[in-house]
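Engineer: What follows is a predicted structure for the sequence shown.
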Amino acid sequence: MKDVEVIQDPAVAEVTLDPVRARLLAALAEPGSATTLAAQVGLTRQKANYHLRALEQHGLVELVEERRKGNVTERILRATAASYVISPAALPAVAPEPGRVTDQLSAQWLLALAARLVREVGELITRARAARQRLASFAIDGEVRFASAADRAAFAEELGDAVKSLISKYHDTTAPGGRPHRIVVALHPSITRDADGTPISATSGTAATNPSTSTSTSTSSTQE
């Protein structure tokens, strides 16, 4: 079983978005049959079989073993991955593109970059698996609490300068055998939640005054 599967096929994405099939996929983190799954998700065995066939046809579940019980053969299945991510490549005509966003300080620009990251890294993972190679990548995830908006702006400026300095130091367009890599640096407010984990509206006083911000950086090879 893979840790993560990136879905790029629109037909496969459609299958996973069905609520019943999504529940079956989650349940199949551990091997199970139509009979055991039907009891878990509240379906008849026939209905569970119907949905499992659709998942298997699209490569989302795989056969682990077959068990003979009298005149019946019980098929034991398992999800092909522990979790799934739908790539923007599944909706190419309407997928966000950084080049179509004019305001590079907007959340829409950040989202377009994130979408491109998922699409490109998803494709690179597919290529690396086919070649039986490990994909070279790097990521940092952290959180910083700013005392004020001015501090946040200063941090962003210093971070940008530091990244530009590193790029200037290591970027070499003439190196024989050199390979380009994509680097993305993101800064956005953390989602604030109350004691029971419910997200607090951004319009409420608590969320509006919370200066905590999550930051992430990632690099990945642009070709495989």
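Structural biologist: Yes, it's here.
Engineer: Please count neighbours and contacts with C-alpha atoms only from this point.
Structural biologist: OK.
Engineer: what about the strands in this protein?
Structural biologist: Secondary structure of the chain by DSSP state E: the strands cover 2-7, 61-69, 72-79, 81-86, 137-145, 181-189, 212-221.
Engineer: same for the second one, what does it pack against?
Structural biologist: Contact here means 3 or more C-alpha pairs under 8 Å, 6 or more residues apart in numbering; DSSP states H and E; on that basis strand 61-69 packs against helix 45-57, strand 72-79.
Engineer: Where does pLDDT dip in the protein?
Structural biologist: Residue ranges of the chain with pLDDT under 70: 201-217, 219-224.
Engineer: Kindly list the longest helix within this protein.
Structural biologist: helix 107-130 (DSSP state H).
Engineer: still on that earlier bit, and Ala175, which of the helices and strands packed on strand 61-69 is closest to it?
Structural biologist: strand 72-79 (43.6 Å; C-alpha to C-alpha).
Engineer: and that closest one, which residues are buried?
Structural biologist: Within strand 72-79, the residues scored as buried using 16 or more other C-alpha atoms under 10 Å are Arg75, Ile76, Leu77, Arg78, Ala79.
Engineer: residue contacts, the nearest residue to the fourth one once chain neighbours are set aside?
Structural biologist: Right, the one you point to is Arg78. Spatial nearest neighbour of Arg78, chain neighbours left out: Pro31 (4.5 Å); criterion: C-alpha to C-alpha, 6 or more residues apart in numbering. Neighbouring residues of Pro31 by C-alpha atoms under 8 Å, 6 or more residues apart in numbering: Val64, Ile76, Leu77, Arg78, Ala79.
Engineer: What is the burial count for the closest residue to His51 other than its chain neighbours?
Structural biologist: Spatial nearest neighbour of His51, excluding adjacent residues (C-alpha to C-alpha, 6+ apart): Arg21 at 6.2 Å. Using other C-alpha atoms under 10 Å, Arg21 has 19 neighbouring residues.
Engineer: Pull up the gap between Arg21 and Glu65, please.
Structural biologist: According to C-alpha to C-alpha, to the nearest Å, Arg21 stands 21 Å off from Glu65.
Engineer: sorry, back to before: could you dump the helices and strands packed on strand 61-69 to JSON lines with distance to Arg145?
Structural biologist: Formatted as JSON lines, the helices and strands packed on strand 61-69 follow (distance: least, C-alpha to C-alpha, whole Å):
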{"stretch": "helix 45-57", "distance to Arg145": "43"}
{"stretch": "strand 72-79", "distance to Arg145": "39"}
